[in-house]
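# how would this look folded up:
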Amino acid sequence: MKNLFQSIALLFLILTSYKSQGQFIQSLTISPSNPTTADTITILAECAFPSGGCEEHTQGSFVNGSIISGFAIHCLGPLTVICYYTDTFQIAPLAAGNYSFIFQLDAGFGPSPCTPGIVPGPTDTLNFTVTLSSGQNNELLDKSFSVYPNPVNDLIYLTQSDSKSQHHTIEILSVDGKTVLTKPISNLSEPISVKELQNGFYFIKLKTLYNHFVWLKFIKS
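Residues are numbered from 1 along each chain as shown. Have a look, this model is predicted:
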């Protein structure tokens, strides 16, 4: 009986130790591997957890200049098995330049939204470069253009220091690369209504007469 008790206690300690191990970020990968200013970027975070299931989770990301922050909080179940999951992040086309995607992985127990533990989960960073797409000479964040007001609640306006340029269409994209509004414009004095958009960070893709693209950013509040 004593040996049985010791065996049970030892098994309990092993399982407790196993479950107390933290979650792991196995890898961060980007697709396409060499993104251009025309690409919607997908970042895959391969994760592993000490118990399952681990599918139920919340995640998000936001862009701040050249830094892209991503997070995921997974709700772990009672199964004492290693659970694997891939978190997927889609990012709207970016201006040419160097970027860092910083990912933090947390885990908790119970139904979503589960609360992560006191000790912060692991982080990992993926550095990448966005280049100009072929055949497009001007697909940059152009400082001669601006958006006002920014942040905006209802109507936004575009301005340009060089009034000679002609414009065809604008496309507004969310941070996950989805087009939420497309509008033809004949001049920059036309107001653009964003009243129906949810609060958050957005990109404006402005297509000029000569198929050049200019990127602008604004916040809907």
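# drop to CA atoms for contacts and neighbour counts, all remaining ones
OK.
# my read is that Pro151 contacts Phe218, right?
Yes: contact criterion Cα atoms under 8 Å: Pro151 and Phe218 qualify, at 6.2 Å.
# look at those two and report which has more neighbours.
Comparing Pro151 with Phe218 by other Cα atoms under 10 Å, the one with more neighbours is Phe218, at 19 against 16.
# what is the mean pLDDT for the strand or helix carrying the more buried one?
Here Phe218 sits within strand 213-220, counting by DSSP states H and E. For strand 213-220, the mean pLDDT works out to 80.
# residue ranges of the helices in the chain, please?
Here the chain has its helices, by DSSP state H, at 2-20.
# residue ranges with poor pLDDT in it?
Screening the chain residue by residue with the criterion pLDDT under 70, one finds the ranges 1-21, 132-144, 161-168, 175-177, 208-212.
# longest strand anywhere in it?
Across the chain, the longest stretch assigned as strand under DSSP state E is strand 97-109.
# flag every buried residue along that one.
Of the residues in strand 97-109, those buried by neighbour count under the rule 16 or more other Cα atoms under 10 Å are Tyr99, Ser100, Phe101, Ile102, Phe103, Gln104, Leu105, Asp106, Ala107, Gly108, Phe109.
# adding distance to Pro191, write those residues out as JSON lines.
Shown next, in JSON lines, are the buried residues of strand 97-109 (distance: Cα to Cα, whole Å):
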{"residue": "Tyr99", "distance to Pro191": "32"}
{"residue": "Ser100", "distance to Pro191": "34"}
{"residue": "Phe101", "distance to Pro191": "34"}
{"residue": "Ile102", "distance to Pro191": "36"}
{"residue": "Phe103", "distance to Pro191": "37"}
{"residue": "Gln104", "distance to Pro191": "39"}
{"residue": "Leu105", "distance to Pro191": "41"}
{"residue": "Asp106", "distance to Pro191": "42"}
{"residue": "Ala107", "distance to Pro191": "44"}
{"residue": "Gly108", "distance to Pro191": "46"}
{"residue": "Phe109", "distance to Pro191": "48"}
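# which pair in those spans the largest distance?
Distance extremes for the buried residues of strand 97-109: the farthest pair is Tyr99 and Phe109 at 33.2 Å, using Cα to Cα.
# now do stretch 23-31: distance to the chain's middle.
Averaging C-alpha positions (Cα atoms, centre = their mean, to the nearest Å) puts stretch 23-31 14 Å from its chain's average.
# and Asp87, what does it touch?
Contacts for Asp87 were tallied using Cα atoms under 8 Å, 6 or more residues apart in numbering; they are Leu44, Ala45, Glu46, Cys47, Gln59, Ala72.
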